[in-house]
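S.K.: Output the structure for:
(one chain, ligands or ions: 1)
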Amino acid sequence: MAVKGLGQLDREYNGAHLRVGIVHARWNAVVIEALVNGAIKKLRSMGVEEKNIILESVPGSYELPWGSKRLIDRQKKQGEPLDVIISIGTLIKGSTMHFEYIADAVTKALMGLQDKVEIPVIFGLLTCMTEEQAFARAGIDEGHTMHNHGEDWGAAAVEMASKFGP
Ligand SMILES: O=Nc1c(NC[C@H](O)[C@H](O)[C@H](O)CO)[nH]c(=O)[nH]c1=O
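M.R.: Model prediction:
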């Protein structure tokens, strides 16, 4: 059995039947915008309909777990449940320990959220030491040295919802 390369999809997926939530923080907005657009571009390319991509923002990355949970609850209450959610934020190290505490807490909270909400929560939190690192991972640095990680998260969302759906 050929094992595909890191990051490639293992097979074709059709997202036409999926409803995907995206909750994004608003800190480091230029990076966030590129990441969110990258995720949406990939979702659309994999067949997810525009009307089935539900976007919501929160002030910062610390609010991602709660905002993600409440969006899932809201969609369920409206009779339009999500099949998967992508939580997107960008943390950039400053001169204090703030970064470490938020990065660790949010990572653990998003991981644990999956058991509570019973749908995949795709980890879209960039934890960068510099702004340059963030720009590169959003595919917007000068030399375009890396691809837009938002696209990876879009692909992961369709795969996880398709493969492990109800
Ligand atoms: O401090 N840096 C950052 C940040 N702080 C705000 C925090 O997430 C939260 O919104 C507030 O503490 C209010 O609860 N939020 C980010 O997404 N990225 C950062 O780099």
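S.K.: For the ligand, give me its nearest residue in this protein.
M.R.: The ligand sits closest to residue 60 of the chain, with a gap of 2.2 Å, by CB to the nearest ligand atom. In this view, the C-beta of every residue, glycine as well, is placed from N, C-alpha and C.
S.K.: contacting residues for that residue?
M.R.: 25-27, 89, 102 (CB atoms under 8 Å, 6 or more residues apart in numbering).
S.K.: Residue 42 too?
M.R.: By CB under 8 Å, 6+ apart, the neighbours of residue 42 are 150-155, 158.
S.K.: Please repeat the previous calculation with a cut-off of 6 Å.
M.R.: Applying CB atoms under 6 Å, 6 or more residues apart in numbering to residue 42 gives the contacts 151, 154-155.
S.K.: next one: residue 141
M.R.: By CB under 6 Å, 6+ apart, the contact set of residue 141 is residue 135.
S.K.: three-state assignment of it?
M.R.: coil (DSSP: H, G, I helix; E, B strand; the rest coil).
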